[in-house]
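Trainee: Show me how the following folds:
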Amino acid sequence: MFLGTYSPRLDEKGRLFLPAKFRDELAAGLVVTKGQERCLYVFALEEFVRLTERLREAPMSVKVARDYSRVLFASAHDEVPDKQGRLTLPAPLRDYAGLSRDCVVIGANTRVEIWDAAAWQDYLGASEEQFSSQSEEVLPGIF
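Mentor: Numbers count the residues shown, from 1 in each chain. Prediction:
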C-alpha cells in the first residue's frame with residue numbers, strides 16, 4: 001500500500017527520485033503509464049500484472065474497454081529503478097502530465113501517482129470540498 005505526499009524534483013535527464021518509503025516495493029520493477037486527470041500512474045510490476053489480468057477479462061466487443069486498454073498499454077513504460085531509487089520518465093509521459101521541475105508524488109493505495117506540482121494544487125483545490133461531502137456515496141456505512 002502506498003501512502004503520503006512527497007515533493008521530488010525532476011532532473012535535466014527526466015529522472016525522479018522515488019520516495020524512500022516506496023522504493024522497496026518498486027525495486028523489483030515497475031510500470032509507469034498515463035493516468036486520469038493528466039497525472040502518471042506508477043504500478044509495482046506485480047500489481048500491473050494483476051491489472052492486466054483483469055483487463056483481459058473485459059470483452060473486446062466493448063469499445064470503452066478497448067479504448068482504455070489501448071491508451072494504458074501504448075503509453076506504458078516498464079523499468080527497474082536505479083540503485084539510487086531514481087525512475088526515468090520518458091518524454092511523452094512527461095509531456096502528457098505537464099511535468100517540468102517541481103513534481104508531487106502521492107501514494108494512492110495500490111499505485112503511485114506523479115503530478116506536476118501546480119496541477120496537483122489545482123486538483124486539490126477543486127476536489128477537497130467534494131471529498132468532504134462524498135464519504136457516504138463512496139464508502140456507505142464506513143464513515
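
Trainee: can you pull out the helices in the chain?
Mentor: 20-26, 45-56, 63-74, 91-97, 117-133, 135-138 (DSSP state H).

Trainee: where in the chain is pLDDT low?
Mentor: Counting by pLDDT under 70, the chain contains low-confidence residues at 134-143.

Trainee: thinking again about what came up before, take the helices of the chain and lay them out in a markdown table including mean neighbour count.
Mentor: Every residue, glycine included, has its C-beta placed from N, CA and C. Below are the helices of the chain laid out as a markdown table (neighbours: other CB atoms under 10 Å):
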| stretch | mean neighbour count |
| --- | --- |
| helix 20-26 | 15 |
| helix 45-56 | 13 |
| helix 63-74 | 12 |
| helix 91-97 | 16 |
| helix 117-133 | 12 |
| helix 135-138 | 10 |
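
Trainee: can you put those helices in JSON lines and add distance to residue 107?
Mentor: JSON lines is the format used below for those (distance: least, CB to CB, whole Å):
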{"stretch": "helix 20-26", "distance to residue 107": "7"}
{"stretch": "helix 45-56", "distance to residue 107": "13"}
{"stretch": "helix 63-74", "distance to residue 107": "20"}
{"stretch": "helix 91-97", "distance to residue 107": "17"}
{"stretch": "helix 117-133", "distance to residue 107": "13"}
{"stretch": "helix 135-138", "distance to residue 107": "18"}
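
Trainee: looking at those, which is closest to residue 81?
Mentor: Using CB to CB as the measure, helix 20-26 is the one of those that comes nearest residue 81, at 6.0 Å.

Trainee: other SSEs contacting that closest one?
Mentor: strand 40-44, strand 103-108 (3 or more CB pairs under 8 Å, 6 or more residues apart in numbering; DSSP states H and E).

Trainee: what's the most buried one of these?
Mentor: Of all the helices and strands packed on helix 20-26, strand 40-44 carries the top mean neighbour count, a mean of 24, counting by mean count of other CB atoms under 10 Å.
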